[in-house]
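>>> One predicted model, sequence on top.
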Number of protein chains: 2
Amino acid sequence: MFAIAPATGKANLSAGQLKLLTGKSRWIFRVGEAGFPTVPTIAITRAAWEELQAERTRRDTRLRTHWVACLYKLVSKDGPAPQLVVRTSASSHNSGLAPARLGITAPTAPEDSVDPTRPLAKAIKQAFESYGFFGGGWIAPRNEDDRARQIVLVQAVAGGEIEQFLTRNASTGAMGPAPLNGAPLPRLPDDVNALVDLLDAKAGRHMACLVAIQKGRVTFLSARPVQASAGADLQAAVDRVERKVWTPQGAVSRVDPSRLALMLHPRLKAPEEATPIAMGLGVSPGAASGVITFNPDDAARLRARGKHCILVVNETGPADIEGMKAATGILTARGGMSSHAGVIARITGKPCVAGVRSLTVDTLEMICRIGEREFHAGDRLTIDGTDGAVYLGNLPLAQPQIGGAIGTLLGWSDASRRIAVRTNVETVESAQTALSFGAEGIGLARSEHMFFSPERMVALRRMILSEDEDARSRAIAGLVDFQTGDYSALFSAMQGLPVTVRLFDPPLHEFLPRTDEEVEETAASLGVAVRALRLRLERIAEINPMLGHRGVRLAITYPEILQMQMQAVVAGARAASETQTQPVVVEVMVPFVSTATEVSWVRERIMTILDNAGMGRTDRIRVSFGTMIELPRACLRAGDIASMVDFISFGTNDLTQTTFGISRDDAPAFLAAYQRKGVYERDPFVTIDEKGVGEMIAIAIARGRAANPRLKVGICGEHAGDPASLRFFAGLGVDYVSCSPYRVPVARLTLAQASA
Amino acid sequence: MFAIAPATGKANLSAGQLKLLTGKSRWIFRVGEAGFPTVPTIAITRAAWEELQAERTRRDTRLRTHWVACLYKLVSKDGPAPQLVVRTSASSHNSGLAPARLGITAPTAPEDSVDPTRPLAKAIKQAFESYGFFGGGWIAPRNEDDRARQIVLVQAVAGGEIEQFLTRNASTGAMGPAPLNGAPLPRLPDDVNALVDLLDAKAGRHMACLVAIQKGRVTFLSARPVQASAGADLQAAVDRVERKVWTPQGAVSRVDPSRLALMLHPRLKAPEEATPIAMGLGVSPGAASGVITFNPDDAARLRARGKHCILVVNETGPADIEGMKAATGILTARGGMSSHAGVIARITGKPCVAGVRSLTVDTLEMICRIGEREFHAGDRLTIDGTDGAVYLGNLPLAQPQIGGAIGTLLGWSDASRRIAVRTNVETVESAQTALSFGAEGIGLARSEHMFFSPERMVALRRMILSEDEDARSRAIAGLVDFQTGDYSALFSAMQGLPVTVRLFDPPLHEFLPRTDEEVEETAASLGVAVRALRLRLERIAEINPMLGHRGVRLAITYPEILQMQMQAVVAGARAASETQTQPVVVEVMVPFVSTATEVSWVRERIMTILDNAGMGRTDRIRVSFGTMIELPRACLRAGDIASMVDFISFGTNDLTQTTFGISRDDAPAFLAAYQRKGVYERDPFVTIDEKGVGEMIAIAIARGRAANPRLKVGICGEHAGDPASLRFFAGLGVDYVSCSPYRVPVARLTLAQASA
């Protein structure tokens, strides 16, 4: 028990007492200490209060004497005892805390000051008891020590009007005083500006402030922090730097990168006011509203008429891509993070909720059901691809704002960042978005994604379905031109920044026809019998495609595919280098290796192709060679592998799948139960599993660098956009990370914080 | 160049010269040295021959003088120069080697002895040149040093009849002289027995022997080793111990365990005489002949009539199990080692060739095609599940013989073996087979395999397809009785030996209905609408079932399944303990864990169930708890895991799949190309990959034992039946291995050799 704002003089707290100040007590002390008029206040800890009660049972009075002396500090020199107020001072606000008890008469006898049947002690007792409440139920404090440090405040009653306001605007972050909870801002004397400046500087966040105003004089009563929007917090941070309250690096270190991510997609204006009708997996962030459509063609028609729509399907396939691009958002009954829907949605920046188990879609009847409700085409839905929620009707959305405060903050962040941030893109549009977000190169261009369009799909299917090398070579010839143009455009867009081209790694089943109709169409376009095509499809169907005939295995079994792709890379680089002054910097990356022999096999062929093309003899085009590391065996053999490559880049998605033995697509069946039962603290596909996958990466980096000290190390899985994972990667000393365009700002900020 | 059997006196070779003796030269020297009459012989190395030729070009004669002196050693004291023979003396026989050149006149002048236009030097030159041939093509000797050490022999011509014979019978291994290549055994003097004994003891293997017989006197000319059948080699080894030529441990160390495996299944009598019409994957060893049937019911009918048949299908499913049991062998167009066909075939001991790409089956027309040929039901085929070959017609087969020499040898092997050998079985019949082969317990009883019969399949499908906990609980109740009986019988069969019960780990898709007919049947037996069943099937279909909702994940999401299974284990153990004097030793093993939390979650529940059942208070039933380690993350976290378990057992199949990122079922599409192109030296699913998977296991054992020094460590993947893998596991210091019944003898012998 001690005075934090005595009626007379300074508080003079010891270092130990200062440490105890949590919640409101902290701000009352700081404001009083700074000389701003503050209502007399004392703080009592639970430990002190319980000892006072124990002493009372023992009929001792030593501590009570001190307590009464403390209470006297609420009285100005020779003044009469004031009426008292009892307030909680919790470290974080919650609705179970006791409201302030006003108008308590000061105890007249020392024994009244500790007697729980008397008003003051009764109010203090009730305030302490309310700390146990949280949302209506009891929760245990984190530990006994924390519990003993809980504080209750006893204040003198201040005369005049009591007013509340915010130190900054909750939506814009502009300097206050600003209205609280939509109430009109009260008339406040100019004095209050000094208080607002003082509190904003001391707290460094939005504060709700309680003052008494009497005869134009302001007395500070208490303050507590409030949650502002991510945008308001960011604006306030930049404003504090402009006011020289913070240094630029101070601002960089204080902004939460995960809140930054929320600003970069359309999002619900007020999610707390809406109740989801279903939950699925948020597989592509952002919110979207629109009319339901079950048909990709309808989506395109609606878009042409300027209408927003949500494409609702059981699952998506290549035939749906144009429809997906046309839709505002995508909602699927099946599939997970790496389903076709999820991959395409993230690439195209479409919000997508996948794997909604209560959803059934009847495309024939043009009806879907979510739980008991039935929906028809044209009904309205809103989805939130950030958390997987599905809402009834069109909810209001807020659009992302790039530039402004974000731009300023990220500019500052680059000064302390030591790890490069690249992006995972394969189209010029996405590359330009990523560049506008500050990407310093492409860390992962997935060649097979360049075929997500109907006319190219035919060529790709012809290649996949070819029965022998001759047929495959003919099919491939048709693909070289497409790819050459794509690479050339991508290299040009990046203007001298490095572009990592990952060799063909198709999840075959995603590119193949599925429905009877698709099979018939494909057979016609390939000029084969439907029956023959079906046999071929059955023959190449895989039981576990994730662990199947993919990545480097494809390059080794079908070297003509590797040959085609390198031809296109060379031609694309040459075309780009002729139109720009900067050199074209290409990094060729071979995926899904598990042995050093695979790497040397591919390397030898690539080097031969480059030599034959005269690529070793130009400074205008710089080609380096590396591998993805996405299998446990590749991690263990990283020493052998590193001696043959310029760089390695960890594909943390696949590495998590194989290290855990979990198919990300199939995980929803048990992942929710695992998190509910506490088996997993966090989803390992969102935040890197440091103890397992993390150790595999650490082993690989150590062995790789030991074998090749010049080895460049990158991360190109989706974890490269997650702040907690990025901090871990920074600790491993990687050279670069590569994430989706919208995550580039998050990575820039997180890595700046990690480097500071 | 030196005399290895001079006409007069001893050879007196230096240590360096002794080392050079390879092929025939070795046996000629040994026989001569032992005092048996041997034709005079000198040996010349390629290095010496080339130096002689170089000297000749330089017109030097120093070495030639020595050479001529050597040739003189073919002449007995003062005798006339004999006619000469030139023979090769390769370390291994091949058909390209030059045949012996007989009747060469001895050179009369020193210069003739090195002149390649003269008969002796010409024959020597041709003999050296023939070393380069192998099967018609040139192969390089392993290295220059080996090439320099190649030897050609020059012998005096012996008078009399030249005869050939074997030291032991090629089929039975009985002591010879025995006929060679089916030719009748010539009349031989008794002297020859001493030679046979001498050579058999010196060589320790079957030898083909060349002698000259003149006036009842035998002169030894040369000998070379020949390949005998595995059975003959084994009989010979045991016979040598009885003759005190070898010690029992010497015999144990000299028999090749992988040849032992070939004796334990029916096998082709003469594979070298047949040409396969197709190759697939040998997924269950042994050969089988019979008429083609496309229909499982027909297989049962044929069996009832005592006819052997080969079931030829695209792939198998649960509905085919009875037919598979009835068939003599199984041939499939699709699938790999862990396909339904492969798993069931190995369990039931049926030879099976799977994934024959040139095979198409039309079950409607009752026709299959292999390449260009067409087959109808009733046509005859022979398959070899050991190497995946398919032959036309019924080829003659040899049946396995257990006991006799194998039994004697394995008895000796047990004396030096320090690692226990268990078996992977779940039926009483298989357990008894394994016991007869010397299994010391069950290391892996896969509970879900107990449901491979039509009436149980219905119960299991009901459980898998149940929509909620209530429905699941009802379905489970029906399963407890089945399992209780199974466990009780299995525990009783093992008579006090440990039985490791692996908790339910179904590859769900193998148990579900597939064809329209099956779906309709299942819907009827479950009492649900076909349409509803289809929706449910679609919903639980997995994209990568290998990495899906299985193993411990099932126990955690559906605790009622765990509860049911433990109930059945407890009841089964109790029933068994009442009928036997030995205690029932049960090891409960949880599969597919990736985190220590999963282990503690399951352990806690199992301990509660055991406590409630009073199982902690009996010596008659001993229950311990452990986990399979089959995921890379479990290897890394083995320290955390080990502190909560009594044992760990490595599932090397799944660990290989996840460490390499290869689905064993889908690997055939590239594995053949990988081995052909030298990317993999060996199939990692056959022989453990020491550098990757092996390191994961080594890490896990080190961390596990550090955390729990009493930890018992086992291996229960299929690698536990492969000799090279077993040697590696022995080096890691495992406590036991567990393999399929037919592999138990292989493991016993290999581990005895590794412990010696």
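Received the coordinates, thanks.

>>> Grab the most central residue of chain A for me.
A:Ser258 (4.2 Å; CA atoms, centre = their mean).

>>> Mark out where each domain of chain A begins and ends.
A:4-156, A:161-228, A:287-398, A:417-507+A:542-755 (the TED database).

>>> quick one, which of those is nearest to chain B?
Comparing those against chain B with CB to the nearest CB, the closest turns out to be domain A:417-507+A:542-755 (3.6 Å). C-beta: built from backbone N, CA, C; applies to glycine.

>>> Give me the mean pLDDT for the closest one.
Mean per-residue pLDDT for domain A:417-507+A:542-755: 91.

>>> Can you name the residues that contact the residue nearest to A:Gly692 when sequence neighbours are not counted?
Excluding its sequence neighbours, the residue lying closest to A:Gly692 (CB to CB, 6 or more residues apart in numbering or on different chains) is B:Arg633, at 3.8 Å. Listed by CB atoms under 8 Å, 6 or more residues apart in numbering or on different chains, the contact set of B:Arg633 reads A:659-661, A:689, A:692-693, B:594-595.

>>> ok, now A:Val458?
By CB under 8 Å, 6+ apart, the neighbours of A:Val458 are A:522, A:525-526.

>>> try 6 Å
A:Ser525 (CB atoms under 6 Å, 6 or more residues apart in numbering or on different chains).

>>> would you say it is within a strand?
No. Counting by DSSP: H, G, I helix; E, B strand; the rest coil, A:Val458 is located in no strand; its state is helix.

>>> on that earlier part again, now render the domains of chain A as TSV, adding distance to B:Val291.
Putting the domains of chain A into TSV (distance: least, CB to CB, whole Å) gives the following:
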stretch	distance to B:Val291
domain A:4-156	73
domain A:161-228	78
domain A:287-398	44
domain A:417-507+A:542-755	30
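
>>> neighbours of A:Gly378, just the number please.
12 (other CB atoms under 10 Å in any protein chain shown).

>>> Once you drop chain neighbours, what's closest to A:Ile697?
A:Phe650 (5.6 Å).

>>> Can you pull the phi/psi pair for that neighbour?
Backbone torsions of A:Phe650, given as degrees, to the nearest 10, read phi -80, psi 120.

>>> okay but A:Ile277 is in contact with A:Leu392, surely?
Yes. In this structure, A:Ile277 is within contact of A:Leu392 by CB atoms under 6 Å, at 5.4 Å.

>>> Which one's more surrounded, these two?
Neighbours per residue, other CB under 10 Å: of A:Ile277 and A:Leu392, the larger number sits with A:Ile277, 20 against 17.

>>> tell me the contacts of the more buried one?
A:370, A:390, A:392.

>>> Could you rerun that using 7 Å?
A:370, A:373, A:390-392 (CB atoms under 7 Å, 6 or more residues apart in numbering or on different chains).

>>> can you pull the buried residues of the strand or helix carrying A:Leu435?
Per DSSP states H and E, A:Leu435 falls inside helix A:428-436. Of all the residues in helix A:428-436, those buried under the rule 16 or more other CB atoms under 10 Å in any protein chain shown are A:430-431, A:433-435.

>>> again, but for stretch A:455-473
Here stretch A:455-473 shows A:456-466, A:472-473 as buried, counting by 16+ other CB under 10 Å.

>>> tell me the two of those that are most distant?
A:Met457 and A:Ser473 (19.2 Å; CB to CB).

>>> What segments of the stretch 151-300 of chain A are strands?
A:151-156, A:161-168, A:175-178, A:207-214, A:217-225, A:267-268, A:278-279, A:281-284, A:287-293 (DSSP state E, counting those that start in this stretch).

>>> export the ones you listed to JSON lines and tack on mean neighbour count, mean pLDDT and distance to A:Lys19?
Converted to JSON lines, these look like this (neighbours: other CB atoms under 10 Å in any protein chain shown; pLDDT from 0 to 100; distance: least, CB to CB, whole Å):
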{"stretch": "strand A:151-156", "mean neighbour count": "26", "mean pLDDT": "94", "distance to A:Lys19": "12"}
{"stretch": "strand A:161-168", "mean neighbour count": "20", "mean pLDDT": "94", "distance to A:Lys19": "25"}
{"stretch": "strand A:175-178", "mean neighbour count": "21", "mean pLDDT": "91", "distance to A:Lys19": "29"}
{"stretch": "strand A:207-214", "mean neighbour count": "20", "mean pLDDT": "95", "distance to A:Lys19": "21"}
{"stretch": "strand A:217-225", "mean neighbour count": "22", "mean pLDDT": "94", "distance to A:Lys19": "19"}
{"stretch": "strand A:267-268", "mean neighbour count": "22", "mean pLDDT": "87", "distance to A:Lys19": "39"}
{"stretch": "strand A:278-279", "mean neighbour count": "18", "mean pLDDT": "94", "distance to A:Lys19": "42"}
{"stretch": "strand A:281-284", "mean neighbour count": "25", "mean pLDDT": "89", "distance to A:Lys19": "41"}
{"stretch": "strand A:287-293", "mean neighbour count": "23", "mean pLDDT": "94", "distance to A:Lys19": "43"}
